[in-house]
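Colleague: When you get a sec, could you give me coordinates for this:
(one chain, ligands or ions: 4)
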Amino acid sequence: MANLHFDNSAWRPDEDGGADLHLHTIRSDGSATPGQAVEKAQKVGLSAIGITDHDTTAGLPHAIRQGEKLGIEVIPGVELSASDHVGEIHIVGIFIDSKEKALANKLREIRRHRRERIAEMSERLAGMDVDVDPDTVLEIAGRGNPGRPHMAAALISAGYAANYNEAFRRYLGDNAPAYVPKLSLSPAEAIELIANAGGVSVLAHPLLTNRDELIPALAEAGLGAIEVFWAQQNEADFHYYLRLAHTHGLGLSGGSDWHGAWKDDSYLGRVRVPLECVERLRELAHAVRL
Ligand code: AMP
Ligand code: ZN
Ligand code: FE
Ligand code: FE
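Modeller: Ligands and ions are numbered 1, 2, ... in the order given. From the prediction side, this is the model:
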């Protein structure tokens, strides 16, 4: 591997553009359609993107078609939540076969539970004299996968919170009173589902998750890579995760975790995974399939 350097700056036109391997669309909790995500990726000069919606692969066909038109490689992905007794970690699967049955069935079950969870969170809020109709939240989610960001939007528009942060602090955060956990996969189950679908499992945003002690066991369970490229970390963090990946024989992935206007719309492409790292991940996916 050529010497990798820390660079969270914008793309320079003399380079290949790199890849952003962690993006969300309206099919989960992003604001852009899959086609718009690809168009925007082209505008910022990316060569490849991974579409990694939470618990759904519904946006992939549209994104792949648009990618073929615009000359951007769209790598099929998904972001799964897994939990242990301490909390939740996110595992991104990339290079997955979204038609694989066991994965598709499990995603359907998780999505069904997400809708029930919105009703449960509404009940908890009602117990605090906060009146949010679950149907309103499902409407806000539209064709997306309903979750806490949509619930937060409903709370804000009904005047119960001034902004997103307040909605999470008072009601929806992991330690707040209206929080209901999602259908729970163990980390090993998440990795197995992804491997069965021919994909590479990637530990998402490790600095945010703050569970580095899990990495040896995850690697043992089949984790293929970690997100060493991430927009919200500094150069020392980057080198720390680079070393950690090396120690455990893991590939290098990463991305902006772009959600469009739901968070910071300028994030797309703020992280550039070198294409040689993408090729290494592709080889790992081929090895999974053998
Ligand atoms: P869900 O998948 O429904 O549990 O929603 C998770 C999403 O909620 C995450 O991807 C974040 O975008 C957002 N989120 C979780 N905790 C917070 C928080 N404390 N403040 C702001 N956003 C949060
Ligand atoms: Zn999200
Ligand atoms: Fe995540
Ligand atoms: Fe994400």
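Colleague: so the residue nearest in space to the middle of the chain is in which element?
Modeller: Residue closest to the mean C-alpha point of the chain, counted by Cα atoms, centre = their mean, is residue 79 at 4.4 Å. Per DSSP states H and E, residue 79 falls inside strand 73-83.
Colleague: Output the contacting helices and strands for that strand.
Modeller: strand 19-23, strand 48-51, helix 60-70, strand 88-94, helix 187-196 (3 or more Cβ pairs under 8 Å, 6 or more residues apart in numbering; DSSP states H and E). (Each C-beta comes from the backbone N, C-alpha and C, glycine too.)
Colleague: I'd like the average pLDDT over the first one.
Modeller: For strand 19-23, the mean pLDDT works out to 96.
Colleague: Which elements pack onto that strand?
Modeller: So strand 19-23, by 3+ Cβ pairs under 8 Å, 6+ apart, packs with helix 34-43, strand 48-51, strand 73-83, strand 88-94, strand 251-255, helix 275-289.
Colleague: So for the helix or strand of the chain with the lowest mean pLDDT, what gets flagged as buried?
Modeller: The weakest-scoring helix or strand in the chain, judged by mean pLDDT, DSSP states H and E, is helix 275-289 (a mean of 93). For helix 275-289, burial by neighbour count (16 or more other Cβ atoms under 10 Å) applies to 275, 277-278, 280-281, 284-285, 288.
Colleague: And for stretch 218-231?
Modeller: Buried-residue list, stretch 218-231, by 16+ other Cβ under 10 Å: 218-219, 221-231.
Colleague: Could you export it as PDB, CA atoms only?
Modeller: Extracted in PDB, the C-alpha atoms of stretch 218-231 (Å, rounded to 0.1, in the frame of the first residue of the first chain):
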ATOM      1  CA  LEU A 218     -14.900  -8.600  15.800                       C
ATOM      2  CA  ALA A 219     -11.900  -9.300  13.600                       C
ATOM      3  CA  GLU A 220     -12.000 -12.900  14.900                       C
ATOM      4  CA  ALA A 221     -15.700 -13.000  14.000                       C
ATOM      5  CA  GLY A 222     -15.000 -12.000  10.400                       C
ATOM      6  CA  LEU A 223     -14.900  -8.200  10.400                       C
ATOM      7  CA  GLY A 224     -13.100  -7.200   7.200                       C
ATOM      8  CA  ALA A 225     -12.300  -3.500   7.700                       C
ATOM      9  CA  ILE A 226     -12.700  -0.400   9.800                       C
ATOM     10  CA  GLU A 227     -13.500   3.100   8.900                       C
ATOM     11  CA  VAL A 228     -10.100   4.800   9.300                       C
ATOM     12  CA  PHE A 229     -11.200   7.600   7.000                       C
ATOM     13  CA  TRP A 230     -13.700   9.800   8.800                       C
ATOM     14  CA  ALA A 231     -14.500  13.500   8.600                       C
END
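Colleague: and that stretch with ligand 4, contact?
Modeller: No. Taking Cβ under 5 Å from the ion as the criterion, stretch 218-231 and ligand 4 are apart, separated by no less than 9.9 Å.
Colleague: Run the chain-centre distance for that stretch.
Modeller: Computed by Cα atoms, centre = their mean, to the nearest Å, the chain-centroid distance of stretch 218-231 equals 13 Å.
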